[in-house]
Structures are given as C-alpha cells and as structure tokens.
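**Q** Take this sequence and fold it.
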Amino acid sequence: MIGDPRKHTVWYKQPTGPFAVAIYLVVRAVFAVMEVFPINWNLQTARLLSKGWRLIMPKHYRRTVEHLTMTLGHQLPPEEIERMANACLESVTMFAVEAICLPRVVNALTLSRYVHLVNFDDLIRLTITGRGLILVTCHYGAFELPGHVLACLGFDVCAVMRPMDNLYLNRFLVANRRTHGLTLLEKKGASERAEDILRDGSMLAFIGDQDAGRKGMFVEFFGRPASTYRSIGLLAMRTRSPIVIGYGRRMGQIAKYEVGVERIIYPEEWDAQADPLRWITQTYTSAIEAVVRREPEQYLWIHRRWKSTPRRKSGVEMAVKGPRGDELEIDVAGEIAP
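**A** Below you'll find the predicted structure:
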C-alpha cells in the first residue's frame, strides 16, 4: 500500500496574497455553479467558451495551427488544420471541466456508464504479480482519467504532479483528485520517494510528453527531435518496472471515454538493446505519437513540445557515473545533465 499520501507531498512556497485568494474564490464559484448541472451541459458550455478563448488569446490558436501544420501539414489541407486547431481549443476547455467534475461523477459504481476499457488484460495480469508499474500518459483527451479509473478499481496509484502556482487552487485540486484514493507526489522531491513506491508494488504515473529543456534526451516525436526527460527510463531500469503507456480518449462530445493501454514495455525488451535508456525513451514517445495520431484534435498542441533544440557537441562526448550509478552526460559547458 502507498500509505498516507501526505508523506509523498513536498509543499513549497506559493503565492498566498489577496490576488491569489480572489482568483481561488472566482474559480470555486464557477465550479460551484457547474456542479448544479449535468456534466454534459458543462462540457457543452466549455466548448462555447473556447470560441472566446481564441479571440482573447490568439497566440494560443496561432501556436496550435503552427504545430499542426509542422507535424501534419503535409497530410492535411489548411482548412482541416484550422478545424483541428479549433477542436483542440475545445478539448482544452473540456479538460478543465473534466478535471473537476469527473472525480465526483466517475466511481466504482458508475464506471461502466462513462468508461470503456481497452487492452487492460495484460495490465491486470501484471498487477496481480504485485510488481510496481510505471504509468505514462500524455496531454491528450481526458488525460487525468486513466489514473483515476485505476484508483476506482482499487489499485494503488500515485501520480507525479506539478503544483499550481496558486496555493489555494492547488489544495482544492489535490483534494478533488484524491476523491477515490488516487495519491499525489509533487514533482519537486519526487526522486526521493519514487523508487520506494514502485518497490512497494504500487503504480507511479507520469505525464511523458513534457519538454525537458536543452539537457534532455532528444528523441523523435512526429519526425522532429523533442527533448524528453530521462527520469522515466532511468527509474524503470533501476527498479525493473514495466512501463505502461495509456490514454483517456473522449468518445464524442459527451462524457463517454475510452481508457486504454497502448503499449507495455517490459525489462526483457530493453535488456537486449545497445542503449537501453534511449530505446525506452524513444519507444514510449513513439507509443504516445501513435495515440495522438488516431485523433489529433484531442492533443494539447498549445504545449511547446519542440521548444528546445539539440545542443551541438564539440569534441568527444564524455560520460560519467552519477552518485547512484546513473550514466549522466557532461555537456560542452561542463554541466551534468539531469
């Protein structure tokens, strides 16, 4: 068992002034009103609000079009790219509703009404063995739903999260996410607890498509180098934990979802690779790409996935052993990459 979730939480200073309080009260008031109405009504309202978002924050729409054109423009005409960009903004506003409403709506008794499970057989078999599992998903569809569904089914799931800047909103969202037993591990200080959680036979969930900066490992995502964190692969190698790549896809414009397993990466697979860490990182990134390609409009194209560019190396690339035996790259500036 994971135990007391507070033991896995590392709180650090966040803004607590009058402005933070005011924002918190406004958001709580909005969601208090939303709870009066059925979730499908709220999702419809979210789609309508997305139209205003495009007018108020046009740079987000432009970035979405840019990323879609960069990755899919050779396959799709401009008018289809524009349709997808508008659908992407709708998807983000719908997610805001889902993040608050789904933990209160979806539970062990109502799960079959809202969620269709796909390719869960191997995942269930792995959990029966009592070994820890690393769950990886991406900013796609209702991306917090897979962890919530597993918690509803009675599994010990701990999700790594980045806390919000607003302390009061963060506390509200954390309490909401814990409704059915999902526990949370803040990103800052996560390395101190991650291995223990996995060795205890629990599941540790990550969002695996975030930009890791110029010191990250660059692997291909939609044919372009994307900086990706090494931590997932290193953690898997240290603990011999399989990596499960999953997703939560909307089925239409109402509260119906497909929660599925796209790929499971086993230790025996990376043992046979010349560069296991790079192979793991590329393999789960490719699995994420396969998920996104099936319905690209549900992906968070606003996210600056290709923000970082590979750093040019000069001379011979060196490597050293870190304090825990990790192989860490030394870049040209003499800094140790994470």
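**Q** What ranges does the chain have for its helices?
**A** Along the chain, the segments classed as helices by DSSP state H run 18-34, 39-56, 58-72, 78-105, 111-114, 121-128, 145-152, 167-177, 191-199, 231-239, 267-271, 276-294.
**Q** which residues sit against the second one?
**A** Residues external to helix 39-56 that are found in contact with it (C-beta atoms under 8 Å, 6 or more residues apart in numbering): 34, 60-61, 86, 89-90, 92-94, 96-98, 101-102, 105, 253-255. Bear in mind the C-beta positions are built from the backbone N, C-alpha and C, glycine included.
**Q** For the spatially most central residue of the chain, give me its contacts.
**A** Central residue check for the chain by C-alpha atoms, centre = their mean: the C-alpha nearest the mean position is that of residue 207, 2.5 Å away. By C-beta under 8 Å, 6+ apart, the contact set of residue 207 is 136-139, 143, 160.
**Q** which residues touch the nearest residue to residue 308 once chain neighbours are set aside?
**A** Closest residue to residue 308 apart from its sequence neighbours, by C-beta to C-beta, 6 or more residues apart in numbering: residue 227 at 4.0 Å. Applying C-beta under 8 Å, 6+ apart, one finds that residue 227 lies in contact with 211-218, 307-308, 310.
**Q** Against residue 294, how distant is residue 227?
**A** The gap separating residue 227 from residue 294 is 24 Å, by C-beta to C-beta, to the nearest Å.
**Q** now do residue 119
**A** 13 Å.
**Q** And for residue 162, the neighbour number?
**A** Neighbour count of residue 162, defined by other C-beta atoms under 10 Å: 11.
**Q** That one against residue 186, yeah?
**A** Yes: contact between residue 162 and residue 186 holds when scored by C-beta atoms under 8 Å: they sit 7.5 Å apart.
**Q** just the strands in the stretch 201-338 of the chain please.
**A** Taking DSSP state E, counting those that start in this stretch as the criterion, the stretch 201-338 of the chain contains strands spanning 203-207, 217-221, 224-228, 243-250, 257-265, 318-321, 327-330.
**Q** which residues of this structure score low on pLDDT?
**A** For the chain, the stretches flagged by pLDDT under 70 are 1-16, 164, 170, 176-181, 188-189, 312-338.
**Q** For ChimeraX, what selects the buried ones among the contacts of residue 227?
**A** The following ChimeraX selection, which keeps only the buried ones among the contacts of residue 227, applies the criterion 16 or more other C-beta atoms under 10 Å:
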select :211,212,215,216,217,218,308
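**Q** Farthest pair within the contacts of residue 227?
**A** Of all pairs drawn from the contacts of residue 227, the one with the longest distance (C-beta to C-beta) is 217 and 307, at 14.9 Å.
**Q** how close does residue 111 sit to residue 259?
**A** When distance is defined by C-beta to C-beta, residue 111 is 9 Å away from residue 259.
**Q** And residue 149, by the same measure?
**A** In this structure, residue 149 and residue 259 are 5 Å apart, going by C-beta to C-beta.
**Q** Return every residue with contacts to both of those two.
**A** Common contacts of residue 149 and residue 259, defined by C-beta under 8 Å, 6+ apart, comprise 115, 117, 248.
**Q** okay, the residues you listed in TSV with neighbour count and distance to residue 76 next?
**A** Written out in TSV, the entries for these read as follows (neighbours: other C-beta atoms under 10 Å; distance: C-beta to C-beta, whole Å):
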residue	neighbour count	distance to residue 76
115	23	30
117	18	31
248	25	24
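**Q** Quick check: of those residues, which lies closest to residue 156?
**A** Looking across the shared contacts of residue 149 and residue 259 and measuring by C-beta to C-beta, the closest to residue 156 is residue 117, at 18.3 Å.
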